[in-house]
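[1] Need the 3D shape of this:
(one chain, ligands or ions: 1)
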Amino acid sequence: MIVHGHLIRFEVPKTKLADINRNKVLEAIDTALELGGVGISAPQIGVNQRWSLVFPEGDRCRLPHLLINPEIREYGGDAIDSFESCLSLDTRHVVRRFEHVKLFYTGYNGVQVEKWFDGFTSVIIQHEVDHLNGVLIDRKACQ
Ligand SMILES: [Zn+2]
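    As a prediction, this is how the structure comes out:
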């Protein structure tokens, strides 16, 4: 388990489905559950790949979305100030997010999906996509 590793400040490359290690996905889920996170990204467990896990509505009793190479294609609704924490930081920050995002990604079994996400799920997705770009909430916080 590495949540403070050196990889977290760098953008990670696009990842082929075949290169994703199932055990690393399970390790990421375990890490998020153990630390009480609602989402986690591969670099946080020391994996230099472009995928994240997001629990729907932050509900850790549900199967997380696996988002491989996620791309936010559109933002919708109002901009909101979100008070966030991160498994990789000890500090909390207010970050500007949008209510809705249209996301294109590859999910479990390589299925390609384009769909809108709303509410808390949308906020978590924006946080995790930032991770994959090497951006943490301390660098993005509202001044
Ligand atoms: Zn985070």
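[2] Could you look up the SS state of Lys14?
    Three-state call for Lys14 (DSSP: H, G, I helix; E, B strand; the rest coil): coil.
[3] List the backbone torsions phi and psi for it.
    As for Lys14, its main-chain torsions (degrees, to the nearest 10) stand at phi -60, psi 150.
[4] Contact partners for Ala28?
    Listed by Cβ atoms under 8 Å, 6 or more residues apart in numbering, the contact partners of Ala28 are 40-42, 44-45, 47, 53. In this view, the C-beta of every residue, glycine as well, is placed from N, C-alpha and C.
[5] In strands, which of those residues fall?
    When those are checked against strands using DSSP state E, the ones located there are 40-41, 53.
[6] Tell me the bridge partners for Arg97.
    On the basis of DSSP bridges, Arg97 is bridged to Ile80.
[7] Touching, it and Ser122? I think so.
    Yes - with the criterion set as Cβ atoms under 8 Å, Arg97 and Ser122 qualify as a contacting pair; they are 7.3 Å apart.
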